[in-house]
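Novice: curious how this folds, go ahead:
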Amino acid sequence: MKRFDGLNRQMVEQFAPRPGRRPLLPPLSEKAQVALMCRMLFREGWNEHIAGHITYRLADGNILTNPWELSWDELTASDIVTLDSDGQIIDSEWNVTPAIGLHLQLHALRPDVHVVIHNHAHWSGIWANLQKVPPVYDQAGAYCGSRLPLYNEYSGTFEDKDTSLSAAEALGDARWALLANHGSLVVAKDLRQAHLRAITLEWRSKRAYEVLVAGGATPLPDEEVDKLTIVDDNGFPFCWEAMARRELKEDPSILD
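Specialist: Below is the predicted model of the structure:
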């Protein structure tokens with residue numbers, strides 16, 4: 001993986017905008033980045049009304065998250081809530097979901113995890129309800145590897161501390177998981193990596209369902225999937241910026 005990681009960094013450096021060209025994005029606060037992430041993933045199918053939450057752990061240990069009351073497609077930077085490491089609100093009059101405990105436990109269990117995303121996403125949610133793992137059929141579904149745990153001991157919503165802790169422990173060192181009859185979970189070291197994993201999970205799930213409905217086909221073997229996961233360590237070069245620009249073009253108020 002280190003060799004592939006080096007290739008990915010080399011690609012970014014080789015094809016980065018030359019001096020004098022306009023920047024890919026304007027300067028963004030950390031709260032603006034989280035708001036953009038919510039908007040971007042809403043468009044990708046992580047859009048079940050006001051359900052779902054993203055947490056982003058900062059260098060000082062505080063955690064940014066979206067408020068409970070607002071849907072992901074209406075959030076702006078000023079709506080993003082800051083929590084301390086125990087989940088107590090620091091700077092907002094908004095509320096946060098009682099299910100935030102799953103995120104706090106994951107952040108505590110996984111020092112490598114700075115971003116946690118949970119929602120009842122459209123296509124991966126179908127496979128969660130089927131209690132099956134979608135096969136990988138194409139390059140875009142292979143970017144984050146083939147391993148996809150299915151947590152199938154659903155016993156209630158994640159407001160229950162024991163339930164959320166068992167789910168956090170069951171994830172182990174995985175990048176993502178399907179929660180049977182519930183939804184999808186993605187963890188990552190930063191927002192760029194989390195974005196790639198979230199959109200790859202939806203693409204993989206969508207393609208697998210379409211292939212299933214069409215009568216089935218032969219999935220990519222794991223060794224071929226492994227060859228296509230070279231982008232995951234740093235996210236797909238320039239994809240996060242492109243999707244962020246799309247959202248800013250439609251609604252510049254995201255940065256407010």
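Novice: so the closest residue to Thr229 other than its chain neighbours: helix, strand or coil?
Specialist: If you skip the residues right next to it in sequence, Thr229 has Gly145 as its closest partner in space, 4.8 Å away by CB to CB, 6 or more residues apart in numbering. C-betas here are computed from N, CA, C, even on glycine. At Gly145 the chain is in coil, as set by DSSP: H, G, I helix; E, B strand; the rest coil.
Novice: mind listing what Gly145 touches?
Specialist: The neighbours of Gly145, taking CB atoms under 8 Å, 6 or more residues apart in numbering as the test, are 175, 225-226, 229, 232.
Novice: pull stretch 112-132 out as PDB, backbone CA atoms only.
Specialist: C-alpha atoms of stretch 112-132 as PDB (Å, rounded to 0.1, in the frame of the first residue of the first chain):
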ATOM      1  CA  ASP A 112      -6.900   6.700  13.200                       C
ATOM      2  CA  VAL A 113     -10.600   7.700  12.600                       C
ATOM      3  CA  HIS A 114     -11.200  11.400  12.400                       C
ATOM      4  CA  VAL A 115     -14.400  11.300  10.300                       C
ATOM      5  CA  VAL A 116     -17.400   9.100  10.900                       C
ATOM      6  CA  ILE A 117     -20.500   9.100   8.600                       C
ATOM      7  CA  HIS A 118     -23.800   7.400   9.200                       C
ATOM      8  CA  ASN A 119     -27.000   7.600   7.300                       C
ATOM      9  CA  HIS A 120     -29.700   5.500   5.700                       C
ATOM     10  CA  ALA A 121     -28.300   5.800   2.300                       C
ATOM     11  CA  HIS A 122     -30.300   4.800  -0.700                       C
ATOM     12  CA  TRP A 123     -28.500   2.100  -2.600                       C
ATOM     13  CA  SER A 124     -26.300   0.700   0.200                       C
ATOM     14  CA  GLY A 125     -29.400   0.800   2.400                       C
ATOM     15  CA  ILE A 126     -31.000  -1.700   0.000                       C
ATOM     16  CA  TRP A 127     -28.200  -4.200   0.600                       C
ATOM     17  CA  ALA A 128     -28.300  -3.500   4.300                       C
ATOM     18  CA  ASN A 129     -32.000  -4.500   4.300                       C
ATOM     19  CA  LEU A 130     -31.200  -7.600   2.200                       C
ATOM     20  CA  GLN A 131     -28.500  -8.400   4.700                       C
ATOM     21  CA  LYS A 132     -26.100  -9.100   1.900                       C
END
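Novice: buried residues in that stretch?
Specialist: Residues 113-128 are the ones in stretch 112-132 that count as buried (16 or more other CB atoms under 10 Å).
Novice: out of those, which are inside strands?
Specialist: Using DSSP state E, the subset of those located in strands is 115-119.
Novice: which one of these is nearest Gln139?
Specialist: Within these, the smallest distance to Gln139 is 22.6 Å, found for Ile117 (CB to CB).
Novice: I figured Leu83 was touching Leu58, is that so?
Specialist: No. The criterion here is CB atoms under 8 Å, and Leu83 misses it with Leu58 at 10.1 Å.
Novice: shared neighbours of these two, which are they?
Specialist: With contacts defined as CB under 8 Å, 6+ apart, the residues shared by Leu83 and Leu58 are Leu64.
Novice: average pLDDT for the lengthiest helix in the chain?
Specialist: Ranked by number of residues, the top helix in the chain under DSSP state H is helix 191-214. Confidence over helix 191-214, taken as the mean pLDDT, stands at 97.
Novice: near Phe238, how many other residues are there?
Specialist: Residues near Phe238, counting by other CB atoms under 10 Å, number 14.
Novice: tell me who's in contact with the closest residue to Lys206 other than its chain neighbours.
Specialist: On the basis of CB to CB, 6+ apart, the spatially nearest residue to Lys206 that is not a chain neighbour turns out to be Trp123, at 4.1 Å. Remark: with contacts taken as CB under 8 Å, 6+ apart, Trp123 is in contact with 45, 202, 205-206, 209.
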